[in-house]
Structure formats: C-alpha cells, structure tokens
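Enquirer: compute the structure for the input listed below.
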Amino acid sequence: MKFLKFLKSKSFLISLSIALFISVLLVVGVVKFLQSYTNQDQKIEVPNLRALSLDEVKIVLEDLQLTYQVLETGSYNPKVPKEAVLEQQPEAGQIVKEKRKIYVTINPNGYANAPIPPFYGRTKKEIKQLIINSGFEIGVYEEIEDIGTVVRGLKFKGEELKEGAMIPKMSVIDIVIGNGQLK
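Expert: Numbering: from 1, shown residues only. From the prediction side, this is the model:
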C-alpha cells in the first residue's frame, strides 16, 4: 500500500520526469555526436583510377581528401601503361567518406619471367602444347637435317635456349626440329 502511494506521490513523478528528460537529452546528444564524428552527412564518390600513374592518383585523391595504398603488383596487362593502376578497391562510383584509403594494384614493367620447360626430343605436337602452357608463344619452325622429327632446340631472338632459362612470358619462341631425313 505504501509503495502504491509512493508511486502516486508528487516527488516520485517529478523525479521520474527529470530522469526521462535527462535520458532523452543524453540519447539525442550521443546520436548528434556520432553523426558529426563519423561524418554521416559526407559523401564522396570514388573516381575511376584505372590506367592512371601513381602521381596522377595522388593528385586526384588529394583533391577529394582521400588516400591510397598500393596493395601489390598485378599480372602484366599490355593494354594498360606500365606502372599504372590495374584495379582499385572500392570500385569507381562507390560512395565513401573523407580520409578513406583506396587500395590499388599496379601494372608491372613487363611480363614476369618463366623457365623454359624440358624440350629436347619432344614431338611437334608436344612442344607446341608445352610452350603455350608455359606462357610463351610459338614463332617459326626451323627444320634441320635429322633422322628424327623431334625438337632439337629452341631459340629466343635468335639465341639458343637451354632448359630452365628464364625469359619473359608471352615471348615468341622459335622451334628447331628435325625433318626426319638424313643425307
């Protein structure tokens, strides 16, 4: 009975009103603070950085108050200038806030080197598939007098190649192959 009487008392109702008022003020204050602290009203569209040099990327992003970090060097793409942006994250057109870091992958200076696979004694069909699978391109077939019709050598820019030699991928390799005739 006393408890119900206390709940109806003027002092309890005043205290409850003050507590509710302070709670509402506190919640509104925290929400406003978080909106300003986290820049909720700020929207910056990420520009397209593909094919730009790192110097150009720096200028573009500084104007927008964004930063960048180079993640890695990607696989060489001959359609994109050397040391230019191949990929970016977040993608162009996405909305971010100021001081956001844009991660970029750059195009290396050229194709990576790859080893020459074992080739001596392979057939024409075998060497063709082996060269293509190793990341190289086939040039001309140079026939030499030989009793067998198998590979007797490989050349890159006129120079003889040895098994395991490292040359850039997508290089054109000429094949020296026997003609199956011995005079």
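
Enquirer: tell me the SS of Ile177?
Expert: strand (DSSP: H, G, I helix; E, B strand; the rest coil).

Enquirer: which strands and helices sit next to the helix or strand harbouring Gln69?
Expert: Using DSSP states H and E, Gln69 sits within strand 67-73. In terms of contacts (3 or more CB pairs under 8 Å, 6 or more residues apart in numbering; DSSP states H and E), strand 67-73 is packed against helix 54-63, strand 101-106. In this view, the C-beta of every residue, glycine as well, is placed from N, C-alpha and C.

Enquirer: which of those sits most buried?
Expert: strand 101-106 (a mean of 18; mean count of other CB atoms under 10 Å).

Enquirer: what's the angle between that strand and strand 67-73?
Expert: Taking axes from the mean of the first three to the mean of the last three CA atoms, to 10 degrees, one finds that strand 101-106 is oriented at 30 degrees with respect to strand 67-73.

Enquirer: any idea of the mean pLDDT for strand 101-106?
Expert: Mean pLDDT, strand 101-106: 94.

Enquirer: any chance of the helices and strands packed on strand 67-73 in TSV with distance to Met1 as columns?
Expert: As requested, the helices and strands packed on strand 67-73 are arranged in TSV below (distance: least, CB to CB, whole Å):
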stretch	distance to Met1
helix 54-63	71
strand 101-106	65
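
Enquirer: out of the ones you listed, which gets nearest to Gly178?
Expert: strand 101-106 (44.9 Å; CB to CB).

Enquirer: quickly list the domain ranges of the chain.
Expert: With domains defined by automatic domain parsing, the chain comprises 44-106, 113-178.

Enquirer: quick one: end-to-end distance for the last one.
Expert: This means domain 113-178. Across domain 113-178, the terminal residues are separated by 28 Å (CA to CA, to the nearest Å).

Enquirer: good, we can wrap up now.
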